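Engineer: Sequence first, predicted coordinates after that:
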Amino acid sequence: YRYCKNKPYPKSRFCRGVPDSKIRAYDLGQRKRNSAEFPHCIHLISGEKQQLSSEALEAARITANKNMVRYCGKETFHLRVRVHPWHVIRINKMLSCAGADRLQTGMRGAYGKPFGKVARVSIGQIVMSVRSKDSNKDHVIEAIRRATFKFPGRMKIFVSKKWGFTELFRDEYLALKEAGKLKNQGVHAKKLREHGPLFKEVV
């Protein structure tokens, strides 16, 4: 089930009776913390075009979370799973009991029943991200390294040059903050533009 062989097959009114995804929580740890508190960000990146099952995503999430809580404490990080399983995979169930050969049809009518959900990822796509304090860098890398064992295919650990989950590089973030041109939006931060409505002070 790891190869992207077939066309995308989401749950719909034509594809019914799909079992629920195993992964429920996509954000763990201190998910409401301000962007200024967690400057360090590390990504887990897929090195292949492949399918990741919801079971694998859930196992990786639990492993990374457990490692971070154990070594850093649950107050010091925010983990986010960045892919969602939506593609439905099928299974052509075969009977394996005694006398099954009378009932089985082999490859006749081999279109299977919905079996589970997977996320389709491409090369270079971010699968999981963790933002934390700079002092926890080694622990974050180790937590993500352990999560890689839950996935098929090649995975890469990438240390981001950007500030947390924002789109701004570190020096850019600090310069904008000092100049007062940074609008904090919780997990993210936005650069204030120089156009738009005039300030109230301007007559």
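Structural biologist: Noted; the coordinates are in hand.

Engineer: okay, CA-based contacts and neighbour counts for the rest of this
Structural biologist: Will do.

Engineer: While we're on Asn184, how confident is the model there?
Structural biologist: You'll see Asn184 listed with a pLDDT of 86.

Engineer: Helix or strand: which one has it?
Structural biologist: Using DSSP states H and E, Asn184 maps to strand 182-185.

Engineer: mind listing what that strand pairs with, with the direction of each?
Structural biologist: strand 188-191 (antiparallel) (DSSP bridges).

Engineer: Relative to the whole chain's centre, how far out is the strand it pairs with?
Structural biologist: 21 Å (CA atoms, centre = their mean, to the nearest Å).

Engineer: got it, and stretch 123-143?
Structural biologist: Centroid separation for stretch 123-143 versus its chain: 12 Å, with CA atoms, centre = their mean.

Engineer: Tell me the span between the first and last residue of that stretch.
Structural biologist: End-to-end distance of stretch 123-143: 22 Å, with CA to CA, to the nearest Å as the criterion.

Engineer: ok, now stretch 181-188?
Structural biologist: 14 Å.

Engineer: Check which helices and strands the longest helix that the chain contains sits against.
Structural biologist: Ranked by residue count under DSSP state H, the longest helix found in the chain is helix 54-72. When contacts are defined as 3 or more CA pairs under 8 Å, 6 or more residues apart in numbering; DSSP states H and E, helix 54-72 packs onto strand 77-81, strand 113-121, helix 137-148.

Engineer: of these, which approaches Lys190 most closely?
Structural biologist: strand 77-81 (19.2 Å; CA to CA).

Engineer: buried sites along the helix or strand just after the closest one?
Structural biologist: Once the chain leaves strand 77-81, the next helix or strand it forms, by DSSP H and E, is strand 87-91. The neighbour-count check on strand 87-91 (16 or more other CA atoms under 10 Å) flags 87-89 as buried.

Engineer: thinking again about what came up before, how far off centre is the longest helix of the chain?
Structural biologist: 12 Å.
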